[in-house]
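*Asks:* coordinates for the following, if possible.
(one chain, ligands or ions: 1)
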Amino acid sequence: MVGCYQCDDEWGWMLVTDRSHGESTGTGTAVNESPPDDDTIVQIEDLTVTFAGDRGVARVIQEVSIEIEREEILGVVGESGSGKSMFASALLDAVVAPGRTTGSVVFNPRSGEPYDVLELTSDRLQRVRWESIAMVFQGAMASFNPTMRIRDHFEETIRAHGKNHGERMAHAHELLSALHLDADRVLESYPHELSGGMRQRALIALALVLEPELLVMDEPTAALDLLMQRSIIDLLASLQQQFDLTIVFITHDLPLVAGLSDRLAVLYAFEIIECGPTGSVIEDAGHPYTRALLRTVPNVDVPVTEMEPIEGRSPDPTDAPTGCSFHPRCPLADSDCESTDPPFERLETDHDVACYHTEQSRDSVEYTLRDEEVGP
Ligand code: SF4
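*Replies:* Prediction:
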C-alpha cells in the first residue's frame, strides 16, 4: 500500500456523446520516467483545477497527489464545498470550461502501457471513459434520458463504443441480477417507471457494462433513503469482489463510506489533509478537522450536547488562507500554522496527516465511535 503525500460536472445521460470540457495541461512528465508499479491503478500528482473569474483565480483542487491501489475501495470524504465533485471530474479530465486542470492522472491498465488521462486526445478520452474508467453521479433520474428505455441506454453505449452487442447485453443481465434487479423488467422500463433505488442500481450496471477497471462514484447514494443506501453499499462491496473493481467513492457521509472503504482520504479546502487505512483514520484520526468531522457524526451513544458542529466556514477558493488552510477554524493553530503549509507526517503504516500538531490534536479533540463506524 502506498500512502498519500502532499503533494460539477454532470455527464448526465451523455454517456456516449462528446461534450465541451475545460482545458487540461499535463505536466508533460513522461510516464516512463516514474511509471506506477503493478499494484497502482492510478497515480495522481499535483492535480490542480482552477477557474479564472472576475474575483480572481479560484483554486478548486489544490495540488492533490495520491496513488490508488488496484482493487481497493478508496473513500474520499469532505464537507460540502471541499472540492469532492471537482476531484471526481478532474480524474476523468471532465472539468467543464473555463476550468483548467493541471498535474497528471496516470492510469495504469492491467494490460498495456500507463498513460496520462490529462494528455489524451479527445477521441481517446471518449474511449477511456466507460471502457477503462466509469463514473456514477448522484441522482440517476438526471443521468438517464427520460424518453429512452433503460435497454436503449445500454444499447447506445455498447454501439457507440463498438462492442459486441450480444456479449455486452449478456453482461448487462449479469450486472443487473448481481444488483438484485429483475433484468428483463428493468431493461424494458423507462426511468420514471423505476424507484430511485432501482434507477441508481441500473445506472451502476450501465457504468459497468463495458467492464471498466475503475469506477468513480460521486455521492451515488445521497438521494436515497438510509435503507437503500446501506443496501447499495453492500451490493458495491460484492460487485467489487465479483468483478475485481477498483472503486473511488466520494461522499460527505463519513460513516457510510467507512463501512465500505479500505482507505479514506479526507479533503478539506480542496486538498487532501489526511489519508490512511479506514480503521486507522476512523479510530485514531490525526488531523483536527478529521477529528472534528467525526465529532459531528450522529451517535446514539453520545449526548446531543457533545456533538458539536465545526465552527466557521470553508475557505473561499479565490482567497484561501496562508499556511494551513484549516488554521482560521483550528483551536490548535499557532504562528507556524498561519505562515507555512504543514507537510505530511506519517502517524502509522500508510496513515499520513498534514498537520504540525497531531499529538496535541489526538489529545485534545475528542470523539466517540459507534462499532459500525470502523471500516470493513
Ligand atoms: S497545522 Fe495547525 S492549524 Fe493546521 S490543523 Fe494542524 S494544528 Fe490546526
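*Asks:* just checking, what packs against the lengthiest helix in the chain?
*Replies:* Secondary structure of the chain per DSSP state H: the longest helix is helix 226-243. Secondary-structure packing of helix 226-243 (3 or more Cβ pairs under 8 Å, 6 or more residues apart in numbering; DSSP states H and E): strand 73-77, helix 165-178, helix 196-208, strand 246-251. (C-beta placed from N, C-alpha, C; glycine too.)
*Asks:* dump the C-alpha coordinates for the helix or strand following the second one into PDB.
*Replies:* So that's helix 165-178. Downstream of helix 165-178, the next assigned helix or strand under DSSP states H and E is helix 183-188. Only the C-alpha atoms of helix 183-188 are listed here, as PDB (Å, rounded to 0.1, in the frame of the first residue of the first chain):
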ATOM      1  CA  ALA A 183     -33.100  -7.600 -15.500                       C
ATOM      2  CA  ASP A 184     -35.800  -8.100 -18.100                       C
ATOM      3  CA  ARG A 185     -38.300  -5.900 -16.400                       C
ATOM      4  CA  VAL A 186     -35.800  -3.100 -15.700                       C
ATOM      5  CA  LEU A 187     -34.400  -3.100 -19.300                       C
ATOM      6  CA  GLU A 188     -37.900  -2.700 -20.700                       C
END
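*Asks:* pull the distance from helix 183-188 to the chain's centre.
*Replies:* Distance of helix 183-188 from its chain centroid, counting by Cα atoms, centre = their mean, to the nearest Å, is 29 Å.
*Asks:* returning to what we had before: so for the longest helix of the chain, mean pLDDT?
*Replies:* For helix 226-243, the mean pLDDT works out to 91.
*Asks:* what are the ranges of the strands in the protein?
*Replies:* Applying DSSP state E to the chain gives strands spanning 23-26, 40-53, 56-69, 73-77, 100-107, 115-116, 133-137, 214-218, 246-251, 263-268, 271-277, 344-348, 351-354.
*Asks:* rank the ones you listed by pLDDT, which is bottom?
*Replies:* Within the strands of the chain, confidence is poorest for strand 23-26, with a mean of 65 (mean pLDDT).
*Asks:* which bits of the stretch 251-376 of the chain sit near the ligand?
*Replies:* Proximity of the stretch 251-376 of the chain to the ligand (Cβ under 6 Å from any ligand atom) is limited to residues 287-288, 324, 326-327, 330, 332-333, 337, 342, 355-357.
*Asks:* hang on, the earlier thing: present the strands of the chain as TSV; the columns should include mean neighbour count.
*Replies:* Shown next, in TSV, are the strands of the chain (neighbours: other Cβ atoms under 10 Å):
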stretch	mean neighbour count
strand 23-26	17
strand 40-53	20
strand 56-69	20
strand 73-77	25
strand 100-107	22
strand 115-116	19
strand 133-137	25
strand 214-218	24
strand 246-251	23
strand 263-268	26
strand 271-277	26
strand 344-348	17
strand 351-354	25
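*Asks:* residue 84 is nearest to which of the ones you listed?
*Replies:* strand 246-251 (4.8 Å; Cβ to Cβ).
*Asks:* quick one on the thing from earlier: nearest to residue 189, of the strands of the chain?
*Replies:* That would be strand 133-137 among the strands of the chain, by Cβ to Cβ, at 18.6 Å.
*Asks:* just checking, what packs against the closest one?
*Replies:* helix 196-208, strand 214-218.
*Asks:* what's the angle from the longest one to strand 133-137?
*Replies:* What separates the directions of helix 196-208 and strand 133-137 is an angle of 160 degrees, with axes from the mean of the first three to the mean of the last three Cα atoms, to 10 degrees.
*Asks:* residue 116 reaches residue 108, doesn't it?
*Replies:* No: counting by Cβ atoms under 8 Å, residue 116 sits too far from residue 108 to count as a contact (10.7 Å).
*Asks:* before we move on, back to that, okay if I get the helices and strands packed on strand 133-137 as JSON lines plus distance to residue 282?
*Replies:* Shown next, in JSON lines, are those (distance: least, Cβ to Cβ, whole Å):
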{"stretch": "helix 196-208", "distance to residue 282": "25"}
{"stretch": "strand 214-218", "distance to residue 282": "20"}
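*Asks:* ok, the closest residue to residue 133 other than its chain neighbours - contacts?
*Replies:* Leaving out its chain neighbours, the residue that sits closest to residue 133 by Cβ to Cβ, 6 or more residues apart in numbering is residue 214, at 4.6 Å. By Cβ atoms under 8 Å, 6 or more residues apart in numbering, the contact list for residue 214 reads 41-42, 68, 107, 132-134, 245-248.
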